[in-house]
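1. Would you be able to build a 3D model of this:
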Amino acid sequence: MIPGGGQPNMQQLLQQAQKMQQDLAAAQEELARTPVEGTSGGGLVKATVTGAGELQALVIDPKAVDPEDTETLADLILAAVRDANGAAQQLQQEKLGPLAQGLGGGSGIPGLPF
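-> Take a look at the predicted model:
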């Protein structure tokens, strides 16, 4: 409900929705440009992903390479990528969380998610 019993100003609601949409798009662009690093094996394997979760780089220390034990290397790579993706998800929560809360703020209009 609108305080005071008045009707919602549709123009104002549309402007707020448009601003939230612009803010969300800007945050998503920033995430796509922000590198996040994950490591495993005490730094033997480093994975870099964007804040949006796209794998950008993988660095493997030669000490981690044992031709007789490729399974351990594969595990280290998976762990580094998962670590980087976890950091990317945390960054997404930091950047997008406040915007998502704004969308669920309750406009008082039934059927609208914001």
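2. Restrict stretch 17-24 to CA atoms and write it as CSV.
-> Output of stretch 17-24 as CSV, limited to C-alpha atoms (Å, rounded to 0.1, in the frame of the first residue of the first chain):
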residue,chain,number,x,y,z
ALA,A,17,12.8,0.6,-12.5
GLN,A,18,14.8,2.1,-15.4
LYS,A,19,17.5,3.3,-13.0
MET,A,20,17.7,-0.1,-11.3
GLN,A,21,18.0,-1.7,-14.7
GLN,A,22,20.8,0.7,-15.7
ASP,A,23,22.6,0.1,-12.3
LEU,A,24,22.3,-3.7,-12.8
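3. Begin at 161 from now on, thanks
-> Sounds good: first residue 161 from here, last item stretch 177-184.
4. now the strands for this protein?
-> Taking DSSP state E as the criterion, the chain contains strands spanning 195-200, 205-210, 215-220.
5. Just name the most buried of those strands.
-> Comparing these by mean neighbour count (mean count of other C-beta atoms under 10 Å), strand 205-210 ranks first with a mean of 21. Using the backbone N, CA and C atoms, a C-beta is placed for each residue, glycine as well.
6. now the angle between strand 215-220 and it, please.
-> Strand 205-210 and strand 215-220 meet at an angle of 170 degrees, taking axes from the mean of the first three to the mean of the last three C-alpha atoms, to 10 degrees as the criterion.
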